[in-house]
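Chemist: starting from these lines, generate the structure:
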Amino acid sequence: MKLFDVYSLFDITPVKGEGCFIWDDQGNKYLDFYGGHAVISIGHSHPHYVERLTAQINKIGFYSNSVQNPMQHELATKLGELCELPDYHLFLCNSGAEANENALKLASFHTGRSKVVAFEKGFHGRTSGVVAATDNQALISPFNAHHEISILPFNDLEKVEEELRQRDVAAVIIEGIQGIGGIHVPDAAFLQELKKVCTKYGTVLVLDEIQSGYGRSGKFFAFQYADVQPDLITVAKGMGNGFPVGGVLIAPEFKAKKGLLGTTFGGNYLACAASLAVLEVMKAESLIDHSRLMGDYLLGNLKKLPTFKELRGVGLMLGIECHENISALRMHLLNENRIFTGVSGTNTIRLLPPMTLLQVHADYLLSSLQDAVNNT
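Modeler: Residues are numbered from 1 along each chain as shown. All right, here's what the predicted structure looks like:
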């Protein structure tokens, strides 16, 4: 049997990770400015994380959600405290796509409606419902296309209100910062008015913080820069630092019903151990403030390099849009400077490093970018 060939792979086999670095099977050391797609939040193999998971698997790794699991309650409490939403409820699942599917399902149950509004360049997952809300027709099969989805222009409140005025929209879903779409930050004023118009028409506002959440933006959630309060918030990626875990944060006015949502593996002991370790390290090492400071440092110095078309983002979620295709630039960074970076489309580099990034790492990226620009 062979693997189903769906991924474009670099010819690199990582065998070790530590902090902001990974090593391949040839002994080469790479600086990780991609974070495994914004997943590595507290650094590779953080000692506290390793200790937490090791201790837990020596006790019990899994049982179903048919029994009491106090770790789930501990995780909900600590998450509520750190993200400053203590009155919300937490539903635990396994991934970002699953979190978004459950959020939209919950919104539909809550409103009795079926339609969803999403935005251009948005990405919410590849499963049946949320892929239909993703602005990429290449990912949408005939099976997915039956969902009632409207894809509207980003930051266009007039178009949103025109859609919501029909009063059949269950939910508006928007990313705190568009990741795969190229690091586009919604205007604070737009988010504030979006919340108001959703409330006006009884529509649920879902903030997809799967990539932008968990401190990466310099606040726990990127939407907190706009000082709004969504009805539902979805999380994953950095939540488990590599262990598969996701969740939906649910405003208190939503009523729970047995069997409404469910998952076999969601909130298992190991997922909770990983997620608790992440929160504990984030708090102990002040990584949210650190992300903001390091992001400001990177952006300030990137602006001194006049070769780029546009710089976007906040904290350690940054996009560098170039005037031309960046393939050669990224390969130079990878092969000559040993730096992993992300990509959006053909012209935008995405920087999503661990939140433990140090200034010396940032300085190396900056000098390497200048070197790569000069030699490609």
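Chemist: give the buried residues for whatever helix or strand residue 328 lives in.
Modeler: Using DSSP states H and E, the secondary-structure element containing residue 328 is helix 327-335. Applying a neighbour-count criterion of 16 or more other CB atoms under 10 Å, one finds 329, 330, 332, 333, 334 buried in helix 327-335. Bear in mind the C-beta positions are built from the backbone N, C-alpha and C, glycine included.
Chemist: now pLDDT too, for the residues you listed, in TSV please.
Modeler: Rendered in TSV, the data for the buried residues of helix 327-335 read as follows (pLDDT from 0 to 100):
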residue	pLDDT
329	94
330	94
332	95
333	96
334	96
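Chemist: format those residues as JSON lines; extra columns: distance to residue 64.
Modeler: JSON lines is the format used below for those (distance: CB to CB, whole Å):
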{"residue": "329", "distance to residue 64": "48"}
{"residue": "330", "distance to residue 64": "43"}
{"residue": "332", "distance to residue 64": "49"}
{"residue": "333", "distance to residue 64": "45"}
{"residue": "334", "distance to residue 64": "42"}
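Chemist: nearest to residue 273 among those residues?
Modeler: residue 334 (33.0 Å; CB to CB).
Chemist: mind listing the strands for the stretch 251-376 of the chain?
Modeler: 310-314, 317-321, 339-340, 342-344, 348-351 (DSSP state E, counting those that start in this stretch).
Chemist: what lines up beside the fourth one in the sheet?
Modeler: The pairing partners recorded for strand 342-344 under DSSP bridges are strand 348-351 (antiparallel).
Chemist: secondary structure element for residue 167?
Modeler: Element membership for residue 167 (DSSP H and E) is empty, with no helix or strand holding it.
Chemist: wait, doesn't it sit right on residue 198?
Modeler: No - the criterion here is CB atoms under 8 Å, and residue 167 misses it with residue 198 at 11.9 Å.
Chemist: look at the two and report which has more neighbours.
Modeler: Between residue 167 and residue 198, counted using other CB atoms under 10 Å, the more crowded position is residue 198 (23 against 11).
Chemist: now the more buried one. Nearest residue, chain neighbours left out?
Modeler: Spatially, and ignoring its direct neighbours in sequence, residue 198 is nearest to residue 205 (4.4 Å; CB to CB, 6 or more residues apart in numbering).
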